[in-house]
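take a look and give me a structure for this.
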Amino acid sequence: MTNRIVCIHSLTAHGVVGLKAFLARWGEAALPVPSLLLTGPGNMPGCRLFEYDFAAMLDGTLAAVAARAERVVVFVGYLANAGQVAVVEAALERHRAIVSTVVVDPVSGDDGRAYVSAELIAAWPRLLARATWALPNLTEVELFTGQTGEAAVAALRARWPELKLIVTGWPAGDDVVTRLYDGP
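Below you'll find the predicted structure:
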């Protein structure tokens, strides 16, 4: 059977962000686990946040996969807070026998600025350490390493040399490019 994809990301009623974009592309292969439930993107006027048991949803989703003797890719996108990093870490450890690949898109900032808490930025590297693939933008690489540009990427790669890395949002003259780092 083809790998299913446990997709951890925000879920909004309005806007095509977070889980909605992945569900449209992955269809039935996606096993959505919202990290956050919102009426709309956080910058939308009147946006409301709703609480739910993220840990139980993630663990239950992975337990159901294990009960079916399947394997999954786990994709981690937007997380609401640093506590969710620990939840994901624990779930990955508990269900490591069924997880074939971990892909981390450490949604944290863009255009040179962070838009999540300093605690979450400090926690993301714990999931990067478990990842096969990481999909940060340049701002995020710089936030995690405290360095800029090529030095930031070099620092990240030195810390996790086996990590396959796709860095988006890289300025190149009048363009913005994506760079792939796969291997030494």
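
CA only for contacts and neighbour counts going forward, please
Fine.

what packs against the lowest-mean-pLDDT helix or strand in the chain?
Every helix and strand of the chain was ranked by mean pLDDT, DSSP states H and E. The lowest is strand 49-50, at a mean of 82. In terms of contact count using 3 or more CA pairs under 8 Å, 6 or more residues apart in numbering; DSSP states H and E, strand 49-50 is assigned the packing partners strand 30-38.

tell me which strands the host helix or strand of Val176 pairs with, and in which orientation.
Under the criterion of DSSP states H and E, Val176 resides in strand 175-181. Strand 175-181 has the following sheet partners, assigned by DSSP bridges: strand 164-172 (antiparallel).

contacting residues around the closest residue to Ala155 other than its chain neighbours?
Of all residues not flanking Ala155 in the chain, Thr145 sits nearest, at 6.5 Å (CA to CA, 6 or more residues apart in numbering). When contacts are counted by CA atoms under 8 Å, 6 or more residues apart in numbering, Thr145 touches Ala152, Ala155, Leu156.

and what of Ala134?
Val103, Val104, Asp105, Pro106, Leu128, Leu163, Lys164, Leu165, Ile166.

is it in a bridge, and if so with what?
So, taking DSSP bridges as the rule, Ala134 has Val104, Leu165 as bridge partners.

quick one, helices of this protein?
Taking DSSP state H to define them, one finds helices in the chain at 19-26, 54-67, 82-94, 118-128, 138-145, 149-159.

check which helices and strands the last one sits against.
What it means is helix 149-159. helix 138-145.

how far off helix 118-128 does the helix it packs on point, in degrees?
Angle of helix 138-145 versus helix 118-128, following axes from the mean of the first three to the mean of the last three CA atoms, to 10 degrees, is 90 degrees.

next, the angle from helix 138-145 to helix 149-159.
50 degrees.

for Thr145, give its distance to Ala122.
10 Å (CA to CA, to the nearest Å).
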